[in-house]
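Peer 1: Got a predicted structure here, sequence first:
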Amino acid sequence: MPFIRHLLTLSLGAALLPVTALHAEELPAPIRKIEAKGAKIIGSFDAPSGLKGYAAQYQNRGMTLYLTADGQHVLLGNLYDADGKDLSAEPLQKLVYAPMSKEVWAKMEASNWIADGSKDAPRTVYLFSDPNCPYCNMFWEQARPWVNAGKVQLRHIMVGIIREDSPGKSAALLAAKDPQKTLAEHEKAGKSSTLKPLAKIPAAIQAKLDANMKLMEELELSATPAIFYLDDKGELQQQQGAPSPDKLLKILGPK
């Protein structure tokens, strides 16, 4: 499951030590053994009962390690107190998921997208979009009031996964003289769209499609639309498929 779906918002208050300070001291041998297996140790934090907590990243997922008081053993997993509160959640959010979220947002910002709406819109929403995706078209329709009012700019990261001609159609959109206008005409027409796939995709456009697909695979996404937005706390959230009306307000904000 992609790490985005594990984003946590809790109020614990553990003392956290960032990775820069962490590596100023030598990692204990048991923690180094875990690191050698492929885990990236991000930082450390205080834990109860003589334990020392470490936040780690492994294959786009966060995990917590707890070094025992004797410094010889490591426990892997979440730690809960007597009230059932997850004491691992906030360290993972602050040390692992928040930085990863910023990195993902920056990658989407640098991807090959087509703007839909004003560049001055106060809210930006990214979505991986296929020209043959009916749910992408549904979300496009849902978002019209916000986009037309200048409140939201959608950024369509074009991919081609649904039909055989999907890559060619995405290429046609990216290669259009006015991609924003061409995309709007295609989405507005819906099933009646006359968008033609490129018979031969130029190398430069193919490179853009390949980069978008690589990013989609990195995020472990398998369907469109995959929608990404920042919530009211500035934390990255994901929506798979056309959203329900209440979810739409969370993604796009108040009308």
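Peer 2: That came through, no problem.

Peer 1: Can you give me the distance of residue 165 to residue 103?
Peer 2: 33 Å (CB to CB, to the nearest Å). For the C-beta atoms, the positions are set from N, CA and C on the backbone; glycine is no exception.

Peer 1: swap in residue 83?
Peer 2: From residue 83 across to residue 103, the span is 33 Å (CB to CB).

Peer 1: any low-confidence regions in the stretch 151-255 of the chain?
Peer 2: Nowhere does the stretch 151-255 of the chain drop to pLDDT under 70.

Peer 1: circling back to that earlier point, neighbour count winner among residue 83 and residue 103?
Peer 2: residue 103 (11 against 5; other CB atoms under 10 Å).

Peer 1: could you pull out the strands for the stretch 1-150 of the chain?
Peer 2: Under the criterion DSSP state E, counting those that start in this stretch, the stretch 1-150 of the chain contains strands at 16-17, 40-46, 52-58, 61-67, 74-76, 113-116, 123-129.

Peer 1: Indicate which one of these is closest to residue 215.
Peer 2: strand 123-129 (8.2 Å; CB to CB).

Peer 1: Just give the nearest non-adjacent residue to residue 49, would you?
Peer 2: Of all residues not flanking residue 49 in the chain, residue 69 sits nearest, at 7.8 Å (CB to CB, 6 or more residues apart in numbering).

Peer 1: what do you get for residue 241?
Peer 2: Closest to residue 241 by CB to CB, 6+ apart is residue 135, at 5.4 Å.

Peer 1: Settle this for me: that neighbour is touching residue 226, isn't it.
Peer 2: No - the criterion here is CB atoms under 8 Å, and residue 135 misses it with residue 226 at 10.3 Å.

Peer 1: Give the buried residues for stretch 74-92.
Peer 2: Across stretch 74-92, burial judged by 16 or more other CB atoms under 10 Å covers 74, 79, 87, 88, 89, 90, 91, 92.

Peer 1: Number of residues surrounding residue 199?
Peer 2: When neighbours are defined as other CB under 10 Å, residue 199 has 9 of them.

Peer 1: mind listing what the closest residue to it other than its chain neighbours touches?
Peer 2: Leaving aside its chain neighbours, residue 199 sits nearest to residue 168 (7.1 Å; criterion: CB to CB, 6+ apart). By CB atoms under 8 Å, 6 or more residues apart in numbering, residue 168 lies in contact with 160, 197, 198, 199, 201.

Peer 1: Now render the residues you listed as TSV, adding distance to residue 188 and secondary structure.
Peer 2: What follows is the contacts of residue 168, written out as TSV (distance: CB to CB, whole Å; DSSP: H, G, I helix; E, B strand; the rest coil):
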residue	distance to residue 188	secondary structure
160	20	coil
197	19	coil
198	21	coil
199	25	coil
201	24	coil
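
Peer 1: For the stretch 1-150 of the chain, which residues score under the pLDDT cut-off?
Peer 2: In the stretch 1-150 of the chain (pLDDT under 70), the answer is 1-25.

Peer 1: And the helices in it?
Peer 2: Ranges of helices in the stretch 1-150 of the chain, per DSSP state H, counting those that start in this stretch, are 19-22, 29-36, 89-92, 98-109, 134-142, 144-148.

Peer 1: Okay, angle between the second one and strand 61-67 too, please.
Peer 2: Spelled out, it's helix 29-36. Here helix 29-36 points in a direction 160 degrees away from that of strand 61-67 (axes from the mean of the first three to the mean of the last three CA atoms, to 10 degrees).

Peer 1: Could I get the buried residue list for helix 29-36?
Peer 2: Quick answer for helix 29-36 (16+ other CB under 10 Å): 30, 31, 34.

Peer 1: Which strands and helices lie in contact with it?
Peer 2: Contacts defined by 3 or more CB pairs under 8 Å, 6 or more residues apart in numbering; DSSP states H and E place helix 29-36 against strand 40-46, strand 52-58, strand 61-67, strand 74-76.
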